[in-house]
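Colleague: I need the structure of the sequence given here:
(one chain, ligands or ions: 1)
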Amino acid sequence: MSLQSTLRRIQIAALNRTHAATLRGLSKVREHRHCPLCGWTGFQFSAGKPGPFFRFDARCPSCWSAERHRLAYILLKDSLPAKIDKILHFAPEPEIQKWLQRSCTEYHTADLMDPQVMHKVDIQDMPFEDNTYDLIWCSHVLEHVSDDRRALSEIRRILAPNGIAVIQVPLWGSKTIEGDLPTSERVRVYYQEDHLRRYGMDILERLSMDGLSVSVRNVQELELQLVLRCSLNDMASNDVFLLRKLA
Ligand SMILES: [Zn+2]
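Modeller: Below is the predicted model of the structure:
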């Protein structure tokens, strides 16, 4: 073999290696992000809706899950009971509906405004019997409710013994700010015109009721790689509160 053809073969082999490395790199970039709820992978999530705190890399382009849906799923999928009897899902989010439906024998939805739900009810005064539901899912609802303490007391009442309520709210800082404000002011103070308060971590005082144990799960429990890959870090919604009704 001539020196020239040997050099040529070395050159081609080097080019092939570079090409393969580039393709591997590209496929890693293409699968940079992953949605654990629907299995989508891609370079980047879609942007959240515009607002005072615009989020890019937020919504799954396939199932439209937000950071808080993926976070709750990752934190709770292995720690909730394997089979739950009755679930009540408030303001049902289609992004996690399938998962909750799969997890239980009887799945119910509830909301005051949404005409599609099974139970059109006011969370502050619900028509359900005591001790009815084994899991109640209530994410980003309480900030819209005028008497959240009453709503929480209703949740406690209809939870079955050992039942769990999953609560998420937008959280900013340590102290809750509330009070009747005109709509225009609500955007400035509560960051959304249909919010009636801006919760801080002192929400724990409201959640700590007789007959319930309260625990907090948080994005900080998770590996940084997973947080990045599933884009879990919404600065206002990194905590999941679990209320368990003592038997
Ligand atoms: Zn998805």
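
Colleague: and Val189, how far from Gly173?
Modeller: Remark: distance between Val189 and Gly173 (C-beta to C-beta, to the nearest Å) = 13 Å. Any C-beta I mention is one placed from the backbone N, CA and C, and that applies to glycine too.

Colleague: tell me, how many residues neighbour Leu242?
Modeller: As a burial measure, Leu242 scores 19 neighbours (other C-beta atoms under 10 Å).

Colleague: how is it assigned, secondary-structure-wise?
Modeller: Under DSSP: H, G, I helix; E, B strand; the rest coil, Leu242 falls in the strand class.

Colleague: so it touches Ala165, yeah?
Modeller: Yes: taking contacts as C-beta atoms under 8 Å, Leu242 lies within contact range of Ala165: 7.3 Å.

Colleague: in which helix or strand would I find Ser62?
Modeller: In this assignment (DSSP states H and E), Ser62 forms part of neither any helix nor any strand.

Colleague: residues from this protein in reach of the ion?
Modeller: Within the chain, the residues that sit near the ion (C-beta under 5 Å from the ion) are Cys35, Leu37, Cys38, Trp40, Cys60, Ser62, Cys63, Ser65.

Colleague: now the buried members of those residues.
Modeller: For the residues of the chain next to the ion, a burial check counting by 16 or more other C-beta atoms under 10 Å picks out Cys35, Leu37, Cys38, Trp40, Cys60, Cys63, Ser65.

Colleague: quick one: which of the residues of the chain next to the ion sit in strands?
Modeller: For these, not one is inside strands, with DSSP state E as the criterion.

Colleague: for those, give me a markdown table that also has pLDDT and distance to Arg206.
Modeller: Below are the residues of the chain next to the ion laid out as a markdown table (pLDDT from 0 to 100; distance: C-beta to C-beta, whole Å):
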| residue | pLDDT | distance to Arg206 |
| --- | --- | --- |
| Cys35 | 97 | 32 |
| Leu37 | 97 | 29 |
| Cys38 | 96 | 33 |
| Trp40 | 97 | 36 |
| Cys60 | 97 | 31 |
| Ser62 | 96 | 36 |
| Cys63 | 95 | 31 |
| Ser65 | 96 | 27 |
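
Colleague: next step: those restricted to helices.
Modeller: Using DSSP state H, no member of the residues of the chain next to the ion sits in helices.

Colleague: below-threshold pLDDT in this structure: ranges please.
Modeller: 1, 12, 14-16, 18-30, 51-52 (pLDDT under 70).
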